[in-house]
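S.K.: Kindly return the folded structure for what I paste below:
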Amino acid sequence: MRNPQARWKLIALFLSTLLSLLLAEGVLQVHYRVTQGRWLVQRSTEEVDALEYAPPPHVTLRPERDPHYLYGAYGRPQPGDAQPVILTLGDSVPFGWGLPPGESYPAQLQRLLDAAGYSVRVVNGGAVGFTIGQALDEYRYGFRTRFPHLVAITVQAANDVAMVESLRESYRPGVSLEDVILQQQQYHVTRATHLALLHYWRHAVARLQEIHRENLRKRQGIPSPTEMMCAAVATHLDTTLASRPAAVPVILLPVDPYFYQTAQTERNRALVARQSPMLQQYYQRWAPIAAALDARLTHEAAAHPATFFYDSRATLDAEERQGLYLDHIHYSARGSALVAQGLLRFLQARQLLPPLAQPTRPR
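M.R.: Here you go, the predicted model:
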């Protein structure tokens with residue numbers, strides 16, 4: 001370029017553009033830190049799970065393909081066991097994710113039953129990552145034949161809500177946490193970036209694509225992801241409840257995140273404000289989806305014989321919820337204790353437990 005003045009103008013334009021990009025990058029990095037509670041270079045819990053704790057290729061989370069995947073650590077099935085059994089099905093919540101052995105609510109329920117004199121064994125059938133459908137399939141494909149002397153079955157899983165919240169307009173019935181984790185694992189390995197400009201650009205494009213899919217779904221009259229999820233759960237329940245022995249009661253438990261839901265909801269503002277930015281986002285995104293699924297579970301319990309809804313939300317809403325959770329969904333030891341105590345009262349009030357063992361009289 002022969003014109004020195006034009007050359008300096010181009011250099012000045014390049015430097016001003018570079019300076020603007022650096023300034024924008026710094027502002028967006030700070031914005032991310034304020035809104036997410038961490039720097040962009042730091043991995044989130046979801047990224048750690050996706051990169052380090054995804055199931056190996058030979059493991060499946062679908063019990064119809066692999067019924068030997070992962071049973072609760074507090075009650076592995078014993079073939080031929082004639083003792084009356086309460087089977088607790090579900091995901092990592094009944095499994096006791098993050099708790100020491102013996103502190104999950106099935107384990108604490110066992111101790112309460114023993115102390116009260118009931119000869120009943122609690123089998124923890126919770127499996128990390130399961131949806132309600134997978135938990136019910138676990139019963140149909142494995143537990144039904146292993147435990148012929150069932151006193152009751154409890155079902156609690158939050159991953160259906162997690163699927164809808166995570167996939168949103170991409171959600172389809174039948175998706176599992178296995179699919180989501182493997183998808184996230186691929187995303188974080190191939191597309192992870194520490195540049196805030198690129199990060200926000202990708203999120204803006206993804207949001208526009210989501211809005212397009214949402215508008216297209218509405219024009220075609222397709223149900224929302226939440227409606228599809230609730231319908232899929234109802235179908236699984238109908239199939240399982242029709243195939244169970246008629247005398248075996250099923251107790252459905254709600255999706256029960258860390259905030260107040262049935263009472264003292266005015267305390268949520270203060271409760272949520274004390275949480276991390278990530279837990280605050282869970283409150284905003286999970287609340288409507290969880291409420292819709294819990295309403296559907298309540299309806300299903302009323303529609304089927306020998307099917308009940310134990311509202312653990314009401315049990316915990318009567319307490320100070322701060323301290324009852326390890327994160328947004330998993331109970332602490334204290335939270336598990338309250339659920340176990342409420343579940344025992346529920347079983348007793350509806351006479352779902354066998355008679356107490358009568359002590360032998362001395363002759």
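
S.K.: lowest-confidence helix or strand of this structure?
M.R.: Least confident helix or strand, the chain: helix 45-52 with a mean of 44, by mean pLDDT, DSSP states H and E.

S.K.: Show me where the protein has its strands.
M.R.: With DSSP state E as the criterion, the chain has strands at 85-90, 121-126, 150-156, 250-252, 307-309.

S.K.: could those strands be laid out in a markdown table, adding distance to residue 17, mean neighbour count and mean pLDDT?
M.R.: Heads up, the C-betas are built off the backbone N, CA and C, glycines and all. As requested, the strands of the chain are exported to a markdown table (distance: least, C-beta to C-beta, whole Å; neighbours: other C-beta atoms under 10 Å; pLDDT from 0 to 100):
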| stretch | distance to residue 17 | mean neighbour count | mean pLDDT |
| --- | --- | --- | --- |
| strand 85-90 | 54 | 27 | 94 |
| strand 121-126 | 55 | 26 | 91 |
| strand 150-156 | 55 | 24 | 95 |
| strand 250-252 | 59 | 23 | 98 |
| strand 307-309 | 60 | 18 | 97 |
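
S.K.: Now the ones you listed in CSV, please, with extra columns for distance to residue 10.
M.R.: Listed next are these as CSV, based on distance: least, C-beta to C-beta, whole Å:
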stretch, distance to residue 10
strand 85-90, 64
strand 121-126, 64
strand 150-156, 64
strand 250-252, 68
strand 307-309, 70
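
S.K.: Of all those, which one comes closest to residue 275?
M.R.: Residue 275 lies closest to strand 150-156 among these, at 22.4 Å (C-beta to C-beta).

S.K.: Please find the angle between the direction vectors of the closest one and strand 121-126.
M.R.: Strand 150-156 runs at 30 degrees relative to strand 121-126, counting by axes from the mean of the first three to the mean of the last three C-alpha atoms, to 10 degrees.

S.K.: Strand partners (parallel or antiparallel) of strand 150-156?
M.R.: Sheet pairing of strand 150-156 (DSSP bridges) gives strand 85-90 (parallel), strand 250-252 (parallel).

S.K.: contact partners of that strand?
M.R.: Outside of strand 150-156, the residues within contact range by C-beta atoms under 8 Å, 6 or more residues apart in numbering are 84-91, 93-94, 120, 132, 135-136, 139, 244-245, 248-256, 310, 312, 343, 347, 352-354.

S.K.: And for stretch 215-226?
M.R.: When contacts are defined by C-beta under 8 Å, 6+ apart, stretch 215-226 is touched by residues 164, 167-169, 171, 231, 288-289, 292-293.

S.K.: quick check, distance from it to the centre of its chain.
M.R.: Relative to the centre of its chain, stretch 215-226 is centred 24 Å away, using C-alpha atoms, centre = their mean, to the nearest Å.

S.K.: Check stretch 140-156 too.
M.R.: With C-alpha atoms, centre = their mean as the basis, stretch 140-156 stands 21 Å off its chain's centre.

S.K.: Quick check: closest non-adjacent residue to residue 310.
M.R.: Spatially, and ignoring its direct neighbours in sequence, residue 310 is nearest to residue 346 (4.7 Å; C-beta to C-beta, 6 or more residues apart in numbering).

S.K.: Excluding chain neighbours, what is closest to the residue nearest to the spatial centre of the chain?
M.R.: Among the residues of the chain, the one closest to the centroid is residue 158, at 3.0 Å (C-alpha atoms, centre = their mean). Take residue 158 and drop its neighbours on the chain: the residue closest to it by C-beta to C-beta, 6+ apart is residue 255, 4.6 Å away.

S.K.: Equivalent analysis for residue 34, please.
M.R.: Spatial nearest neighbour of residue 34, excluding adjacent residues (C-beta to C-beta, 6+ apart): residue 277 at 7.8 Å.

S.K.: ok, now which ones touch the one you found?
M.R.: Listed by C-beta under 8 Å, 6+ apart, the contact partners of residue 277 are 34-37.

S.K.: sorry, back to before: could you count how many residues lie near the residue nearest to residue 158?
M.R.: Residue 255 has 26 neighbouring residues, counting by other C-beta atoms under 10 Å.

S.K.: how about low-confidence regions in the stretch 51-200 of the chain?
M.R.: Scanning the stretch 51-200 of the chain for pLDDT under 70 picks out 51-81, 178, 181-193.

S.K.: What distance do you get for residue 295 to residue 330?
M.R.: 23 Å (C-beta to C-beta, to the nearest Å).

S.K.: just residue 271 next, same as before
M.R.: Look at residue 271 and residue 330: by C-beta to C-beta, they are 17 Å apart.

S.K.: likewise residue 345?
M.R.: 23 Å.

S.K.: Also residue 321?
M.R.: Remark: distance between residue 321 and residue 330 (C-beta to C-beta) = 13 Å.

S.K.: so who does the residue nearest to the centre of the chain touch?
M.R.: 91, 93, 255-257, 290, 329.

S.K.: what does residue 9 give?
M.R.: Applying C-beta under 8 Å, 6+ apart to residue 9 gives no contacts.

S.K.: Ok, residue 196 next?
M.R.: By C-beta under 8 Å, 6+ apart, the contact set of residue 196 is 25, 28-29, 31-32, 40.

S.K.: Can you flag which of these belong to helices?
M.R.: Members of the contacts of residue 196 lying in helices (criterion: DSSP state H): 25, 28-29, 31-32.

S.K.: ok, those vs residue 7, which is closest?
M.R.: Minimum distance to residue 7 across the ones in helices among the contacts of residue 196 is 26.9 Å, recorded for residue 25 (C-beta to C-beta).

S.K.: I'd assumed residue 197 was in contact with that closest one.
M.R.: Yes - Residue 25 lies in contact with residue 197 (C-beta atoms under 8 Å); the separation is 5.5 Å.
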